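Colleague: curious how this folds, go ahead:
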Amino acid sequence: MSIDSRAISTSLIILATIGIFYVLVVGQTFLVPLAVALMIWYVINALSRTFARLLPAKFLSEKNTPNWLTLLLALLSIGLFFSLAIDMVSSNITAVRAAAPAYKANLDTLIAKLSANSQYNILENVQLAVANLKITPIIQTLASTFTNMIGNISIVLFYVMFMLLEQSTFQKKIQSIFPDQNQRGSIMSILSHAQEDIQTYLWIKTLTSTITGMVSYGVLLLVGVDFAGFWAFTIFMLNFIPTIGSIIATLFPALLALIQFDTIGPFLVVLIGVGAIQVVVGNFLEPKLMGNSLNLSPFVVMMSLTLWGSIWGIAGMFLSVPITVMLLIAFAHFEKTRYIAILLSGDGDLKFVDHADHQ
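Modeller: Numbers count the residues shown, from 1 in each chain. Take a look at the predicted model:
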């Protein structure tokens, strides 16, 4: 390849990258619900296959594949989860709004104690900030955010419904788009590996997040923290955000304990207790269960979290790992982009190379 052709190729790649990021940012309103819908569609099909393995054979199709019954059970499970989540969040927002004046009074008392015990006037700015703190508008903002979230959920579920209706024709469309058997085999291999790895990630992450939330609920209940169930659910959800989610999930209930009891003891118990649970599950249990199934570099995970978080906000943080997994698998299947997959991987050992060699 000549220098001019290399320069043109590099320029095209740069322009294409800029164009992709421009579309991702500008099209956020449309793309984020679509990406979330895709993840829910994955979960529904994973649940459907799980029910297909659990139900007696007489309830299944001859091929022992997910049918309308297992799909219905999966939809009911997802619907029940969303219903419980929406009910829990809405009821707790109302309760927190009612308790806000008491929390504000406890916070004022705590600041006064710290100021009295301080030899230096280091808390003057903190006191000023607390004096100007208006908790009620914050709660109202949270309620408004929650309302908008419900609206987005409606759009997401609308997308999911059409994906489920279209999935029966997906195989036929792939065959029509890629008549060449080798190309079709490569595309199906990418989709198969992506589905397998994303499902593995979601199952293990759900299991470890559930364990973390339940044990943390015990700690919060023992200390007597208000809304222990709500905070346990929040911990469960935030654990789907790599690293940062665990930190936030530890700080939030600890700070509530601080302003609820206006003493440092419960705060330290919650901070250390919930933090220890996060460390044990996140650094010992989860890696043991996950093994090398994803084989993503930890540095790449953090970079992906930062990148997608900056583009799509909180939704991007939740989706960062599944998106990176799909990119790694896609890059690994083509010789010209395989080096990118090696850079994204944890140890450079790509399990997709055998399939990619058909290209």
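
Colleague: what's the longest helix in this protein?
Modeller: helix 68-117 (DSSP state H).

Colleague: how far off centre is it?
Modeller: Centroid displacement of helix 68-117 relative to its chain, using Cα atoms, centre = their mean, to the nearest Å, is 19 Å.

Colleague: what of stretch 266-274?
Modeller: 25 Å.

Colleague: do the same with stretch 13-20
Modeller: The chain centroid and the centroid of stretch 13-20 are separated by 27 Å under Cα atoms, centre = their mean.

Colleague: which residue ranges form the helices in the stretch 151-300 of the chain?
Modeller: Assigned by DSSP state H, counting those that start in this stretch, the helices in the stretch 151-300 of the chain fall at 170-177, 181-223, 228-238, 244-261, 264-280, 286-290, 298-332.

Colleague: make CSV out of these and add distance to Leu47, mean pLDDT and mean neighbour count.
Modeller: No exception for glycine: its C-beta is placed from N, CA and C like everyone else's. As requested, these are arranged in CSV below (distance: least, Cβ to Cβ, whole Å; pLDDT from 0 to 100; neighbours: other Cβ atoms under 10 Å):
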stretch, distance to Leu47, mean pLDDT, mean neighbour count
helix 170-177, 18, 80, 11
helix 181-223, 10, 85, 17
helix 228-238, 17, 88, 21
helix 244-261, 23, 85, 20
helix 264-280, 27, 90, 18
helix 286-290, 19, 78, 14
helix 298-332, 16, 85, 19
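
Colleague: any chance of those in a markdown table with distance to Ser83 as columns?
Modeller: Formatted as a markdown table, these follow (distance: least, Cβ to Cβ, whole Å):
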| stretch | distance to Ser83 |
| --- | --- |
| helix 170-177 | 29 |
| helix 181-223 | 18 |
| helix 228-238 | 13 |
| helix 244-261 | 23 |
| helix 264-280 | 27 |
| helix 286-290 | 28 |
| helix 298-332 | 20 |
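
Colleague: closest one to Ala99 among those?
Modeller: Taking Cβ to Cβ, helix 244-261 is the member of the helices of the stretch 151-300 of the chain nearest to Ala99, at 8.4 Å.

Colleague: contacting residues around the residue nearest the centre of the chain?
Modeller: The residue lying closest to the centre of the chain (Cα atoms, centre = their mean) is Phe318, at 2.5 Å. Residues near Phe318 by Cβ atoms under 8 Å, 6 or more residues apart in numbering: 36, 240-241.

Colleague: give me that answer again for 10 Å
Modeller: 35-36, 39, 237-238, 240-242, 245, 305, 308-309, 312 (Cβ atoms under 10 Å, 6 or more residues apart in numbering).

Colleague: just Gly316 next, same as before
Modeller: 24, 28, 32, 35, 241, 304-310, 323.
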